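Enquirer: Make a model of this:
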Amino acid sequence: MGHRASYVIVRGGEPRIYGAQFGALTVARDLFAGPGGAIPFIESLTPRDQMHTRVWCEGGAFVDEDTRTLLLFADDGDGDLIRCLPLRRAFLLLLAERWPGWTVEWAHQGVEDFEARLGMPPGRDYDPPGPVTEREVERARASIGMSSYPGGWPFDRTANEPLPCGCDEAVDTFITVLGEDGGARDLIANEIPTRLLRVGPRLLEWLDAAHPAPPTMELHVRGCMLVDPRRREIESWEAEPLSDHELSRLAVHWPGSRLTRQTGGLIHQLERSGRDGAAARVPESRMAELLRSLLEDRASGYGMDAVLANRVAEIAARPDVVEVAAAAQPHDHAAPDPTGERTRGWLATLLGKIFR
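Expert: Numbers count the residues shown, from 1 in each chain. Modelled structure (predicted):
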């Protein structure tokens, strides 16, 4: 078994492929070393003739030194980096600071993004398309209006309170159906978009009969679907890799309709339906908490405390920064100041500089 990862380094137009049996869980932290540390690390791995297929590849990095482009996808072990789009967005901003002068992007199609950059035809390792089973139909139908959250849906989700569950438990798909008058109706389903799309147009009938869902934050969402019946268009986002080839296979079940993929998640969907996407954003304090938890992971043995302390020290040296403490243990809570208030945490300060 394992958590297989595939890596590609392109240098002088020549790609070299490497693999790691257990690398997928540490791709994100390995890349955080920057090009000076990450590239030699990748080159120390086992050379391979080809990449793992999408079924087996759970993470990886495509490092193009010619164009200074870094493409990655990774499972951090808890699944938060895969499933939690706002956490991923914040991590990529921080990772880009470690790769100055490089374009850093998430591989939304997983290893199929790597294959496309190498000119490989899509569809490797896909089973022949089969008919939709009654079990698939029943699961999709029953999922409409359902939630997996403890206590059911809705629950108290005010922006400044802790979540009732970890973001790895957020499995719902947030669906927006556009009306003839331009209005928008929101619903939820306890199935990912690809499983819902498998059942074809009968899905629209179930959505018409379902109870509307209240607004939510993007931290709770693992999938999105924007349905425009009038234009016969469906736009999807899924936390797990969702490839154009897979969408083309799903389109067979939707004759006369157009299926597309988006990468902005719930915020993008709200804006596409004429609403304010900012209402779904996660507070920076919560993102700082999640990002610190992702990176510090002292049990991993990667010494992230020292790496991040150096990064904070670099930022502190900038003339426009008054003071950012870079202690030996930067994750420790700061002592109260004379007024009794705790100073802003180092990572919250760093995020403030990034998000500003």
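Enquirer: Which stretches in this structure count as strands?
Expert: For the chain, strands defined by DSSP state E occupy the ranges 5-11, 14-20, 46-48, 59-64, 69-73, 103-106, 172-178, 184-189, 221-228, 233-238, 258-261.
Enquirer: Buried residues, the first one. List them.
Expert: When burial is assessed from 16 or more other C-beta atoms under 10 Å, strand 5-11 yields the following buried residues: A5, S6, Y7, V8, I9, V10. In short, each C-beta sits where N, CA and C put it, glycine included.
Enquirer: and of those residues, the nearest to F62?
Expert: V8 (4.7 Å; C-beta to C-beta).
Enquirer: got the contact list for G59?
Expert: Counting by C-beta atoms under 8 Å, 6 or more residues apart in numbering, G59 touches H3, A5, G23, A24, L25, V27, L72, F73, A74, D75.
Enquirer: what about the closest residue to it other than its chain neighbours, neighbour count?
Expert: In this structure, G59 finds its nearest non-sequential neighbour in A24, 3.2 Å apart by C-beta to C-beta, 6 or more residues apart in numbering. Neighbour count of A24, defined by other C-beta atoms under 10 Å: 24.
Enquirer: Check the one 4 residues further on too.
Expert: One way to gauge burial is a neighbour count; for A28, by other C-beta under 10 Å, it gives 23.
Enquirer: Correct me if wrong: it contacts F91.
Expert: Yes: here A28 reaches F91: they are 6.7 Å apart, a contact under C-beta atoms under 8 Å.
Enquirer: Mutual contacts of these two, please.
Expert: The contact lists of A28 and F91 share L81, L294, where a contact means C-beta under 8 Å, 6+ apart.
Enquirer: quick one on the thing from earlier: out of the strands of the chain, which comes closest to A142?
Expert: strand 184-189 (9.5 Å).
Enquirer: what's in contact with that closest one?
Expert: Counting by C-beta under 8 Å, 6+ apart, 140, 143-147, 153, 172-179, 196, 207, 210-215, 273-275 sit against strand 184-189.
Enquirer: gap between L226 and A74?
Expert: Plainly put, L226 is 27 Å away from A74 if you go by C-beta to C-beta, to the nearest Å.
Enquirer: Dump the strands of the chain to CSV, plus mean pLDDT.
Expert: Compiled in CSV, those are given as follows (pLDDT from 0 to 100):
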stretch, mean pLDDT
strand 5-11, 96
strand 14-20, 95
strand 46-48, 94
strand 59-64, 96
strand 69-73, 96
strand 103-106, 96
strand 172-178, 93
strand 184-189, 93
strand 221-228, 94
strand 233-238, 96
strand 258-261, 96
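Enquirer: Let me have those in JSON lines, adding distance to E284 as columns.
Expert: Below are the strands of the chain laid out as JSON lines (distance: least, C-beta to C-beta, whole Å):
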{"stretch": "strand 5-11", "distance to E284": "31"}
{"stretch": "strand 14-20", "distance to E284": "34"}
{"stretch": "strand 46-48", "distance to E284": "40"}
{"stretch": "strand 59-64", "distance to E284": "27"}
{"stretch": "strand 69-73", "distance to E284": "23"}
{"stretch": "strand 103-106", "distance to E284": "20"}
{"stretch": "strand 172-178", "distance to E284": "22"}
{"stretch": "strand 184-189", "distance to E284": "25"}
{"stretch": "strand 221-228", "distance to E284": "19"}
{"stretch": "strand 233-238", "distance to E284": "22"}
{"stretch": "strand 258-261", "distance to E284": "28"}
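Enquirer: Nearest to A251 among these would be which one?
Expert: Among the strands of the chain, strand 258-261 sits nearest to A251 (C-beta to C-beta), with 4.9 Å.
Enquirer: ok, back up a step: which of the contacts of G59 fall in helices?
Expert: V27 (DSSP state H).
Enquirer: Please indicate which of the contacts of G59 are buried?
Expert: If we count by 16+ other C-beta under 10 Å, the contacts of G59 have these buried: H3, A5, G23, A24, L25, V27, L72, F73, A74, D75.
Enquirer: Farthest-apart pair in those, please.
Expert: Farthest pair in the buried ones among the contacts of G59, by C-beta to C-beta: H3 and L72, 14.6 Å.
Enquirer: got a list of what the spatially closest residue to R48 that is not a sequence neighbour touches?
Expert: The shortest distance from R48 to any non-neighbouring residue, by C-beta to C-beta, 6+ apart, is to G19 (4.4 Å). Counting by C-beta under 8 Å, 6+ apart, G19 makes contact with R4, A5, S6, Y7, L45, T46, R48, M51, H52.
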